[in-house]
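Student: Dropping a prediction and its sequence here:
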Amino acid sequence: MDQKAFFLKIWEKEAPATRKVLSRIPEGSDYRPDPKSRTAREIAWLLVQEEIALGEGLVKGTIEWAETPAPATMAEVLGVYDRRHAEMTAKLQALAPARWEQAVPFLWGGQEVMKEPAFEMAWGFLLDAIHHRGQLSTYLRPMGSTVPQIYGPSADEPM
């Protein structure tokens with residue numbers, strides 16, 4: 001299995017768990033565990049932005065990070081996630097396997113902060129998304145929600 005096929009296999013395996021966590025964020029909640037922390041909706045939007053930046057950036061050959069304000073509701077965040085995840089998956093699937101080996105610059109505020117092969121950049125984005133999904137899962141109970149199964153049963157969803 002090549003780099004592209006393996007990445008896409010894991011990308012698709014992780015997506016349902018991410019969708020479940022996002023769907024458990026209560027509408028209207030502005031919960032954050034600390035004033036320095038992002039709200040759950042803001043973190044959810046970060047996950048959406050990461051997928052879009054990765055998919056569009058690998059096609060373009062440059063990933064440019066630009067934070068945009070989160071939509072006003074979780075329903076909007078979920079709607080964008082549902083539409084754009086499928087779109088970004090199709091873009092990633094359409095990339096030539098050789099493209100995954102090419103170096104891709106990552107720009108933040110117009111400055112290049114790293115340049116790595118596309119497959120390394122993709123893994124970095126996916127692992128960061130998994131990290132933030134875990135962060136969100138710790139927000140759920142304090143917000144009055146439940147934690148879904150991610151890699152196995154949770155206290156809220158036994159097998």
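Tutor: Good, I have the coordinates.
Student: and the gap between the spatially most central residue of the chain and residue 103?
Tutor: For the chain, the residue nearest the mean C-alpha position is residue 47 (3.2 Å; C-alpha atoms, centre = their mean). For residue 47, the distance to residue 103 equals 25 Å [C-beta to C-beta, to the nearest Å]. In this view, the C-beta of every residue, glycine as well, is placed from N, C-alpha and C.
Student: Over to residue 45?
Tutor: 28 Å.
Student: So which of these two has more stuff around it?
Tutor: residue 45 (23 against 12; other C-beta atoms under 10 Å).
Student: related to what we said a few turns ago, can you tell me which residues contact the residue nearest to the centre of the chain?
Tutor: Contact analysis of residue 47 by C-beta atoms under 8 Å, 6 or more residues apart in numbering lists 18, 22, 81, 129, 132-133, 136.
Student: So it: helix, strand or coil?
Tutor: Look at residue 47: counting by DSSP: H, G, I helix; E, B strand; the rest coil, its state is helix.
Student: repeat for residue 112
Tutor: strand.
Student: thought it was touching residue 104?
Tutor: No: between residue 112 and residue 104 there is no contact under C-beta atoms under 8 Å: 10.5 Å.
Student: More neighbours: the two, which one.
Tutor: Ranked by neighbour count (other C-beta under 10 Å), residue 112 and residue 104 place residue 104 first, with 22 against 10.
Student: Do a quick rundown of the strands in the protein.
Tutor: Under the criterion DSSP state E, the chain carries strands at the ranges 63-65, 103-108, 111-117.
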